[in-house]
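> no sequence on hand, only this structure:
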Ligand code: HEM
């Protein structure tokens, strides 16, 4: 009996410490109010206040009612909604040591998806992945990818010439091809839909899992222990099949690249760099597939929004084409070196990022320790949602925010640096900010400039030959895509058609 007493001491100390933490936290919580928010219902909390139709707009309505920082409690989980750029910068950037974790997700655990490091908890493992990817997208390395991005864009122009009605498939192919080339050194053959189908599949699963409210098990984690035949436990079969499918895609891409290196010789890529640096194979495989999943589908969504905007705003298109005619001329296609002389086209790409925010509520972060903000108590372990869509619609920065108007970023024909650049929030915040943002922006610029130089985009015609009215409708998922739409894409002149045909990819 006496022998066992010392052994119990550590347990006792832990118990006392735990009680102290709970008491102190309750005291702190009692002294400091939580941020304002809608009244929670018994049991459900604020589950019914979560958006159903438009993530950004419905969350923005809550911020309009309750303020910059809104508190929601969903089935015991604290959620903090940040409705302004200032609040997001203060917490996610300035206090990023405390706000860079990711929320726990049962579906991520069940699918083993945390090898996609977007989902990894903030810690040494995440840091290792992040460092490697960061090094692959440093500014001087990025310029080495420009010729690849330019050549793939020229191939896109040729595809648009051959089959303009299939523009959506060509754009998807183009972004999957660019990333598969840069990351794996693989050349996607024209018409080969394999890579973009794989990228789309990886991205669709990840997007589904990261959209709040998609899976009931996230709200009731104990449901994960139900047998799969139990009513309502269909998510179990889904998770099991996704787990296999995504690991197979990741392994297939890696093996294909290794095989291609052995048979067709080495093409400089992220894979060759990681191999040179003798980076652990598992890390390389996971990191590359993460770049593929996160990189292809996002920029692709932006370019679809660009095409739709051009069909809806012909006067914007004309202005951009006039600038391209003056700077690039009719003898060649645009290149990256032209960008500094193309303020309107640059402003247009900024407006694309603002008008259609690809990640309307970013990727949620999680706070680690208790904190206070403007006198409000922010409990540690809260899910933090930054409403990037609301930032893009702030009328103080962007008058008439629904209107697509690149001129809002210009003054006297030059970029106006006083206007808030959408890149400062559409790629997220703090230590988790998108590591592929410069690559994504470069791809967006060369694609928009090249398409506008060579083609005119117009709305489809109805049965009477009258142009149909287009509007932006989205899928309302964590990664927002414009819903499928039709438009006409035609070369600006026979000369431009020749130029595109003659361009070598
Ligand atoms: C228009 C293009 C893109 C947009 C709008 C976008 C947006 C975002 C956003 C909002 C986040 C979350 C940041 C946060 O947690 O605060 C993110 C994370 C990430 N993005 Fe992007 N992205 C784009 C392109 C790319 C590209 C081209 C790549 C890779 C080549 C990439 C790789 C990643 C990765 C790996 C993360 C996770 C970072 C982490 O958790 O530490 N993205 N992106």
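Arrived safely, thanks for sending. From a predicted model like this one, the values you see are computed outputs, not experimental measurements.
> can you give me the neighbour number for residue 341?
Using other C-beta atoms under 10 Å, residue 341 is surrounded by 12 other residues. Quick note: C-beta positions are derived from backbone N, CA and C, even for glycine.
> can you check residue 350 too?
By other C-beta under 10 Å, 23 other residues sit near residue 350.
> show the contacting residues for it.
406, 409, 421-423 (C-beta atoms under 8 Å, 6 or more residues apart in numbering).
> check residue 143 too.
By C-beta under 8 Å, 6+ apart, residue 143 lies in contact with residue 336.
> any idea which element it lies in?
helix 139-162 (DSSP states H and E).
> in that helix, what counts as buried?
By neighbour count with 16 or more other C-beta atoms under 10 Å, helix 139-162 contains the buried residues 142, 145-146, 148-161.
> and for stretch 181-195?
Residues 181-188, 195 are the ones in stretch 181-195 that count as buried (16+ other C-beta under 10 Å).
> and stretch 329-348, by the same measure?
By 16+ other C-beta under 10 Å, the buried positions in stretch 329-348 come out as 333-334, 338-339, 342-348.
> what of stretch 411-421?
Of the residues in stretch 411-421, those buried by neighbour count under the rule 16+ other C-beta under 10 Å are 419-420.
> give me the contact status of stretch 157-172 with the ligand.
No. Under the criterion of C-beta under 6 Å from any ligand atom, the ligand is not reached by stretch 157-172; the shortest gap measures 12.8 Å.
> how far away from the center of its chain is that stretch?
The chain centroid and the centroid of stretch 157-172 are separated by 24 Å, computed with C-alpha atoms, centre = their mean, to the nearest Å.
> and it, average pLDDT?
Summarised as a single mean, pLDDT over stretch 157-172 is 95.
> residues touching it, excluding its own?
156, 173-174, 190, 193, 196, 199-200, 296, 300, 303-304, 307, 333, 447, 450-451, 454-455, 484, 486-491, 497, 500-501, 503, 505.
> could you tell me the end-to-end distance of it?
Chord length of stretch 157-172, first to last residue, is 13 Å (C-alpha to C-alpha, to the nearest Å).
> hang on, isn't residue 92 packed against residue 384?
Yes. If you go by C-beta atoms under 8 Å, residue 92 and residue 384 touch, sitting 6.9 Å apart.
> surely residue 385 is within a strand?
Yes. Assigned with DSSP: H, G, I helix; E, B strand; the rest coil, residue 385 falls within a strand.
> for the ligand, see how far away it is.
Distance, residue 385 to the ligand, using C-beta to the nearest ligand atom, to the nearest Å: 11 Å.
> neighbours around that residue, how many?
Other residues within reach of residue 385, judged by other C-beta under 10 Å, total 23.
> go on, the one 10 residues further on?
Other residues near residue 395 number 8, with proximity taken as other C-beta under 10 Å.
> residue 476 now?
18.
> and the contacts of stretch 157-172, which of them are in strands?
Taking DSSP state E, the ones among these that sit in strands are 455, 488-491.
> make a markdown table out of these and add neighbour count.
A markdown table is the format used below for these (neighbours: other C-beta atoms under 10 Å):
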| residue | neighbour count |
| --- | --- |
| 455 | 25 |
| 488 | 16 |
| 489 | 20 |
| 490 | 15 |
| 491 | 19 |
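> can I get the residues you listed in JSON lines with distance to the ligand and pLDDT?
Converted to JSON lines, those look like this (distance: C-beta to the nearest ligand atom, whole Å; pLDDT from 0 to 100):
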{"residue": "455", "distance to the ligand": "21", "pLDDT": "98"}
{"residue": "488", "distance to the ligand": "25", "pLDDT": "98"}
{"residue": "489", "distance to the ligand": "21", "pLDDT": "98"}
{"residue": "490", "distance to the ligand": "27", "pLDDT": "98"}
{"residue": "491", "distance to the ligand": "27", "pLDDT": "98"}
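> show me the contacts for residue 177.
By C-beta under 8 Å, 6+ apart, the contact set of residue 177 is 152, 155, 187-188, 195-196.
> pull out the buried residues from whichever strand or helix holds it.
Element membership for residue 177 (DSSP H and E) is helix 167-184. Within helix 167-184, the residues that count as buried by 16+ other C-beta under 10 Å are 167-168, 170-184.
> contacting residues for residue 351?
Counting by C-beta under 8 Å, 6+ apart, residue 351 has contacts 309, 404-406, 408-409, 422.
> list just the nearest of those residues to the ligand.
The shortest gap between the ligand and any of these belongs to residue 422, at 9.3 Å (C-beta to the nearest ligand atom).
> what's the burial count for that closest one?
Residue 422 has 22 neighbours, counted by other C-beta under 10 Å.
> and if you look at the one 4 residues further on?
Residues contacting residue 426 under the criterion other C-beta under 10 Å number 26.
> from what I can see it touches residue 392, true?
Yes. Between residue 426 and residue 392 there is a contact at 7.1 Å, judged by C-beta under 8 Å.
> let's verify the residue in the stretch 51-200 of the chain positioned nearest to the ligand: helix, strand, or coil?
Distance from the ligand to each residue of the stretch 51-200 of the chain (C-beta to the nearest ligand atom) is smallest for residue 118, at 3.9 Å. What three-state DSSP gives for residue 118 is helix.
> contacts only, for it.
Residues in contact with residue 118 (C-beta under 8 Å, 6+ apart) are 102, 206, 210, 290, 294, 363.
> just those: which has the poorest pLDDT?
Lowest pLDDT of these: residue 210, 74.
> for burial, what's the neighbour tally of that one?
Look at residue 210: counted by other C-beta under 10 Å, it has 24 neighbours.
> I am finished for the moment; much appreciated.
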